[in-house]
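Chemist: this one's sequence-less:
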Ligand SMILES: O=C(CO)COP(=O)(O)O
C-alpha cells in the first residue's frame, strides 16, 4: 500500500545571504547525506534559490519558494511567478503562510489563486493554514482551518488534491517558543484529514501529507512526529542552524 513519505521543510523566511545559504546546504549534505525514507525541502529567500539549486545534489533534497504570485506574467513590480520558480529549479512553493496572510494581507481567495497558479506551473503547493490565538481561545480553530482548506482546494483535480501538501501552523506557536502539544497538533491534523476526505475523497486524504509548523525544535520533534496524522514539519527558526535542523531531519519514529 502507498504510504505517506515524511516531509521536513525549512522555511528560512528573510534570512541568509547567497554565501550563507550555499555553505548551509553543503554542510547539511555532508553531515546528513542522501535521504531515502523522507524528503527534505529547503525554502531559501528568492535571491538564493539559483545558488542553492546548484549545490543541492544529494538524493532526497528539494527546493521550494516561500511564495509566488498568482499571475503568470505582467506588470507586477516586485513579484515572482510560478513559472519563474519552476525555471530556477523549485519543486514546491509555500502558499498562504501566516506571515503572508497577516503581514501582507493575503486572503483565502488570493491563496486559492496561488494554489491553482502553482499547479499550473508544475509546482506542488505547501498550503499553510492555522488559527490565531483569539480564534483558538474562542473555540473557532476548526471553523477557521476548515474555511482555509475548503477555499484553497476548490476546483482542484483529484491528482492535484493528492499532491497538495497541507501545513498546519497555529499562528500563536510561530516564532514564540510555544509549540502546540502533540495532542493539540494531532487533534487538528485528524480534523483536517477528515474534512479533506469529505471535500475530496478518502483515498486522497489518506495519502495527503499534513505537516506541523510552529516552534518545532530538536527536543519536541520526536513527540510531534509520533502522532499518527503528523506527516512532517515546517520549520522556521530551528532550520537556520545545521545542528538543530539535522536533528529534526533525523527524527526518530516510534
Ligand atoms: O513559520 C514557521 C514555518 O513556516 C514556523 O516558524 P518557527 O519554527 O520559527 O516557529
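Modeler: That came in fine, so what should we check first? Keep in mind that this is a model prediction, so the values were computed, not measured. Residues are numbered from 1 along each chain as shown.
Chemist: Quickly list what the closest residue to the ligand within the stretch 1-150 of the chain is bridged to.
Modeler: Residue of the stretch 1-150 of the chain nearest the ligand, by CB to the nearest ligand atom: residue 11 (3.7 Å). The C-beta positions use only the backbone N, C-alpha and C, and glycine is treated the same way. Residue 11 has these beta-bridge partners by DSSP bridges: residue 43.
Chemist: That one reaches residue 236, doesn't it?
Modeler: Yes. Using CB atoms under 8 Å, residue 11 is in contact with residue 236, at 5.4 Å.
Chemist: With residue 73 as the reference, measure out to residue 117.
Modeler: 11 Å (CB to CB, to the nearest Å).
Chemist: Any chance you could list residues touching both of these two?
Modeler: Here residue 117 and residue 73 share the contacting residues residue 81, scored by CB atoms under 8 Å, 6 or more residues apart in numbering.
Chemist: Show me which of these two is the more surrounded one.
Modeler: More neighbours surround residue 117 than the other of residue 117 and residue 73, with 21 against 10 (other CB atoms under 10 Å).
Chemist: In three-state terms, label that one for me.
Modeler: For residue 117, the assignment made with DSSP: H, G, I helix; E, B strand; the rest coil gives helix.
Chemist: now swap in residue 176 and tell me
Modeler: coil.
Chemist: Quick check: closest non-adjacent residue to residue 38.
Modeler: Counting by CB to CB, 6 or more residues apart in numbering, residue 6 is the residue found nearest to residue 38 once chain neighbours are left out, at 4.3 Å.
Chemist: hang on, the earlier thing: and the residue of the stretch 1-150 of the chain closest to the ligand, how many neighbours?
Modeler: Neighbour tally, residue 11, other CB under 10 Å: 26.
Chemist: What of residue 59?
Modeler: 9.
Chemist: Now name the helix or strand holding it.
Modeler: Using DSSP states H and E, residue 59 falls within no helix or strand.
Chemist: what ranges do the helices span in the stretch 101-250 of the chain?
Modeler: Here the stretch 101-250 of the chain has its helices, by DSSP state H, counting those that start in this stretch, at 108-120, 133-137, 141-153, 158-163, 182-199, 202-207, 221-225, 242-249.
Chemist: So what's the gap between the second one and the chain middle?
Modeler: Counting by CA atoms, centre = their mean, to the nearest Å, helix 133-137 is centred 22 Å from the centre of its parent chain.
Chemist: before we move on, what about the longest one?
Modeler: Between the centre of helix 182-199 and the centre of its chain there are 16 Å (CA atoms, centre = their mean).
Chemist: Same check on the last one?
Modeler: Helix 242-249 has its average C-alpha position 17 Å from the chain's average C-alpha position, going by CA atoms, centre = their mean.
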